[in-house]
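J.: when you get a sec, could you give me coordinates for this:
(2 chains)
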Amino acid sequence: MNSLRIPVALLVSGLLCYGLLIVPFSSYMSNKPIEEKLGYVPSVKLLKPLSADQKELVGASLVMKVLMYFGGIIGKAQEGKVISEPPDLQGMSRLLHGAVQLDPYNMDAYYFAQGFLTWDAKQFKVANALLDYGMQYRTWDWYLPFFAGFNSAYFLKDYPKAAAYYKRAADLSGQDLHKSLAGRYMQESGQTDLAIAYLTAMEKGEKNQALKKNYQIRLAAFHEVKRIETARDRFVAEHGGLPVSVEQLVQLGLLAPAPIDPYGGRFYLETSGKVATTSKFAFATKNK
Amino acid sequence: MTTIIKITLKGVFRDRVFQGIIALAVLFLFIPSIASLSMRQVTELSITLSLSLISFILLLLSVFLGATSIWRDMERRYSFSVLSLPLSRSSYLLGRFFGLALFLVLTSAVLGAVSLLVIKVASGMYPPARPVVWSYLLLTLLFITLKYILLVAVAMLLSTVSTSFFLPVFGTICTFLASGITQQVYEFVHSPASAQAVSPFLKAVASVVYYLLPNLAGFDLKVNAIYSIAPNLQGLAMTVGYFIAYTAILLGGAALLFNRREMK
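T.: Next up, the predicted model:
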């Protein structure tokens, strides 16, 4: 009997300690700061030999890591919490660039990278360079030139380039939509309409709920922009000059109900008459 | 030799290796749900995960079974009783090799069938942009199996050299890791960019190492299977030839060394 005392005591005290620690330990792990979660990833030069014959798997896991991280931030923003730090967009970009070097065919990486590099990080050229890289491999995919075309026209205002990208997308997909887009992108007009068309297409095809919600919010904001633009154009037609402010349009009854920015900002008119918002189409972040 | 093959297979099954594989194969059940986290490539991700899992299981098998089978026989003094049979040492070694190779083929056939089922389910849930080409998948499975059979031969060669268990296991793992990058190193030292950075001596060493080590990168067809890209058939035929030649060299070397080896 005596010989059993020590192992039993060890087992019982071990179980007790485990029982006491496991809940705080798991909550510590899940509440780790977001930077730690995105984590440090060694350079691709090192990752490539280390991943041996599992390059596609390692690439996919990098994409998953970024997706989980970004999904967590979007989730917090939707709960109405102010995000304490802006998302680590540079880190996300680094990881996704690494992912496509390991697996240049990984569509998730291109799709995700072009989504946040443009709207959130304002790195339009980086986004298009990445898409160009992807087009060398995914030669059958019309999505990549479709994205690059949108970026060229909407953000970079490079219409001939946009038209070329859309022609490529049209050739690959055989869809007339892209052909007509190629034509429309030749001139700067109806930008908001194009953004709505683009975001609607993105929202429709999205399965990931966090990203879908993200597109829906942005789409709602652009529908509001469209309403203000319509009211502005009516004002111009009636009064022969630009309105002073968005509030003036509301007071004159041209814009009812008053537009609401889903990102929590306030719409205003630039001196050129262009509709802008104080939120810049992104959730408010509070810098440390 | 057929008796040795039978004994080897029986031994592997007796050690409950297959049950261990089946336990790991439970992971296949989770593949469709993990893959559904993907935004644009659910089917592609489930193919990646299935092939990676099979590749990983076969790697473990080839390293541990290949490196331990001869070592264990010696440790347990089985080799005396086996070698007292009217049987040459070479055919004992080859019997062990073919037994393990057969086991790998069996395992990859079973796991391959499971993974095809998983991929079928995943592609049914979210139809992929590119249709899955089943023949590419089968080719990939075949070449994964060949690759690990070659690795078993590496492990066998190393275990005829060493009396311990460590050299064969770690040597095989190192060979596997190195085999994936030798092509890159070779291309780098022979590129004009490296002319100043790499000395001629190092260049010569790198070339010798390149020809000495197995080049397993050619056996990796995962990208072709995942994204339905047609593989180069001529290149594949060459890879099969490479497999036969290299395995023959390894086995021949192993048999020579084993014949000269003193049994304590």
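J.: confirm A:C17 sits in a helix?
T.: Yes: under DSSP: H, G, I helix; E, B strand; the rest coil, A:C17 sits within a helix.
J.: measure how buried it is and give me the count.
T.: 10 (other C-beta atoms under 10 Å in any protein chain shown). Where you see a C-beta, it was placed from the backbone N, CA and C, and this is true even at glycine.
J.: chain center to stretch B:94-103: distance?
T.: Relative to the centre of its chain, stretch B:94-103 is centred 13 Å away, using C-alpha atoms, centre = their mean, to the nearest Å.
J.: quick one: mean pLDDT for it?
T.: Stretch B:94-103 comes out with an average pLDDT of 92.
J.: CA atoms only: put it into PDB for me.
T.: Output of stretch B:94-103 as PDB, limited to C-alpha atoms (Å, rounded to 0.1, in the frame of the first residue of the first chain):
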ATOM      1  CA  LEU B  94      15.900  -7.300 -51.200                       C
ATOM      2  CA  GLY B  95      13.100  -9.200 -49.600                       C
ATOM      3  CA  ARG B  96      12.900  -6.700 -46.800                       C
ATOM      4  CA  PHE B  97      12.900  -3.900 -49.300                       C
ATOM      5  CA  PHE B  98      10.200  -5.300 -51.500                       C
ATOM      6  CA  GLY B  99       8.100  -6.100 -48.400                       C
ATOM      7  CA  LEU B 100       8.200  -2.600 -47.200                       C
ATOM      8  CA  ALA B 101       7.600  -1.200 -50.700                       C
ATOM      9  CA  LEU B 102       4.600  -3.400 -51.000                       C
ATOM     10  CA  PHE B 103       3.300  -2.100 -47.700                       C
END
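J.: any idea how far A:Y198 lies from A:F267?
T.: 20 Å (C-beta to C-beta, to the nearest Å).
J.: what does the pLDDT read for the closest residue to chain B within the stretch 151-288 of chain A?
T.: The minimum distance from the stretch 151-288 of chain A to chain B, using C-beta to the nearest C-beta, falls at A:N208 (5.2 Å). Model confidence at A:N208, given as pLDDT, is 75.
J.: I'd guessed it sits against A:L67; true?
T.: Yes: at 7.3 Å, A:N208 counts as touching A:L67 under the criterion of C-beta atoms under 8 Å.
J.: between those two, what contacts are shared?
T.: B:L37, B:M39 (C-beta atoms under 8 Å, 6 or more residues apart in numbering or on different chains).
J.: give me the more crowded residue out of A:Y198 and A:F267.
T.: Each of A:Y198 and A:F267 has its neighbours counted (other C-beta under 10 Å); A:F267 has more, 23 against 20.
J.: please export the C-alpha coordinates of stretch B:40-59 as PDB.
T.: Included here for stretch B:40-59 are C-alpha records, laid out as PDB according to Å, rounded to 0.1, in the frame of the first residue of the first chain:
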ATOM      1  CA  ARG B  40     -12.100  30.700 -53.300                       C
ATOM      2  CA  GLN B  41     -10.600  27.200 -53.400                       C
ATOM      3  CA  VAL B  42     -12.500  24.800 -51.200                       C
ATOM      4  CA  THR B  43     -11.900  21.800 -53.500                       C
ATOM      5  CA  GLU B  44      -8.300  22.800 -54.100                       C
ATOM      6  CA  LEU B  45      -7.600  23.100 -50.400                       C
ATOM      7  CA  SER B  46      -9.100  19.700 -49.700                       C
ATOM      8  CA  ILE B  47      -6.900  18.200 -52.400                       C
ATOM      9  CA  THR B  48      -3.900  19.900 -50.900                       C
ATOM     10  CA  LEU B  49      -4.700  18.700 -47.400                       C
ATOM     11  CA  SER B  50      -5.400  15.100 -48.500                       C
ATOM     12  CA  LEU B  51      -2.200  14.800 -50.500                       C
ATOM     13  CA  SER B  52      -0.200  16.400 -47.800                       C
ATOM     14  CA  LEU B  53      -1.600  14.000 -45.200                       C
ATOM     15  CA  ILE B  54      -0.800  11.000 -47.400                       C
ATOM     16  CA  SER B  55       2.600  12.300 -48.100                       C
ATOM     17  CA  PHE B  56       3.300  12.900 -44.400                       C
ATOM     18  CA  ILE B  57       2.100   9.400 -43.400                       C
ATOM     19  CA  LEU B  58       4.200   7.800 -46.100                       C
ATOM     20  CA  LEU B  59       7.200   9.800 -45.000                       C
END
